[in-house]
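Participant: Quick one: sequence plus predicted model below, questions after.
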Amino acid sequence: EADIYQTPRYLVIGTGKKITLECSQTMGHDKMYWYQQDPGMELHLIHYSYGVNSTEKGDLSSESTVSRIRTEHFPLTLESARPSHTSQYLCASSEVRGSPLHFGNGTRLTVT
Amino acid sequence: GENVEQHPSTLSVQEGDSAVIKCTYSDSASNYFPWYKQELGKRPQLIIDIRSNVGEKKDQRIAVTLNKTAKHFSLHITETQPEDSAVYFCAPGGGFKTIFGAGTRLFVKA
């Protein structure tokens, strides 16, 4: 079934660790996004991409990086995790500009 | 940059009543106006959207109205039910990045 998948679902790590949150979609969408959201609160755009080899920073200052080497894959990397990174990270994709976003189930990250 | 505001931030209604949530935006180039629903512990999902060439769209109990001149659009839910309780987000745009409103928490009391 065409969908967008995020792994891991939950992650607890210590301060200073490097982590990569995975996001893959099987819908062939060109546009992909990463949002940070505390449960039930505002969604903050941290990165987006409009195709292979294109990435842009969003409005929320973030110490993370992304890459887009393949259309279906848009991983998010934190080089050195801190307690302030504790949050939920949602990946999304859309077919073109001005079309609905499809969200993954999210990764809930806790940094101790 | 784009400024998106939602009102109210919290809305409590009795089952069967109507609920209206308003979204105002600043980017006059916006041409796509969706509403998303996020239930507790779940991902946001599109419930209805409208494009700038129409003023209103209805899907059963939910509707969206657009006033492009005034730069706002609204979500209308009629005959509310307990399962409508959720957080609702607007995300006006059509450009390369999509910015969400801060969300409206709707409580429907049985």
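Facilitator: Nice, thanks for sending it over. Residues are numbered from 1 along each chain as shown, chains lettered A, B, ... in the order given.
Participant: which residue ranges form the strands in chain A?
Facilitator: A:4-7, A:10-13, A:19-25, A:31-37, A:44-51, A:54-57, A:64-66, A:76-78, A:87-94, A:102-103, A:107-111 (DSSP state E).
Participant: got those as a markdown table, with mean pLDDT, mean neighbour count and distance to chain B columns?
Facilitator: Every C-beta, even on glycine, is put in place using the N, C-alpha and C of the backbone. Shown next, in a markdown table, are these (pLDDT from 0 to 100; neighbours: other C-beta atoms under 10 Å in any protein chain shown; distance: least, C-beta to the nearest C-beta, whole Å):
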| stretch | mean pLDDT | mean neighbour count | distance to chain B |
| --- | --- | --- | --- |
| strand A:4-7 | 97 | 18 | 9 |
| strand A:10-13 | 97 | 13 | 12 |
| strand A:19-25 | 97 | 19 | 12 |
| strand A:31-37 | 96 | 24 | 7 |
| strand A:44-51 | 94 | 20 | 5 |
| strand A:54-57 | 94 | 14 | 7 |
| strand A:64-66 | 94 | 19 | 13 |
| strand A:76-78 | 95 | 18 | 16 |
| strand A:87-94 | 96 | 23 | 7 |
| strand A:102-103 | 96 | 22 | 4 |
| strand A:107-111 | 97 | 18 | 10 |
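Participant: Same list, those, but as a markdown table with distance to residue B:89 please.
Facilitator: Formatted as a markdown table, the strands of chain A follow (distance: least, C-beta to C-beta, whole Å):
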| stretch | distance to residue B:89 |
| --- | --- |
| strand A:4-7 | 17 |
| strand A:10-13 | 23 |
| strand A:19-25 | 20 |
| strand A:31-37 | 10 |
| strand A:44-51 | 12 |
| strand A:54-57 | 21 |
| strand A:64-66 | 22 |
| strand A:76-78 | 21 |
| strand A:87-94 | 12 |
| strand A:102-103 | 11 |
| strand A:107-111 | 19 |
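Participant: Chain A contacts on chain B?
Facilitator: Residues of chain B lying close to chain A by C-beta under 8 Å from any C-beta of the partner chain are B:1, B:31-32, B:34, B:36, B:38, B:40-46, B:49, B:51, B:87, B:89, B:91, B:93-103, B:105.
Participant: redo that, cut-off 6 Å
Facilitator: Selection of chain B residues close to chain A by C-beta under 6 Å from any C-beta of the partner chain yields B:32, B:43-44, B:46, B:87, B:94, B:96-97, B:100, B:102-103.
Participant: Quick check on those: which are buried?
Facilitator: Neighbour counting with 16 or more other C-beta atoms under 10 Å in any protein chain shown marks B:32, B:43-44, B:87, B:94, B:97, B:100, B:103 as buried within the residues of chain B next to chain A.
Participant: Many thanks, we can stop here.
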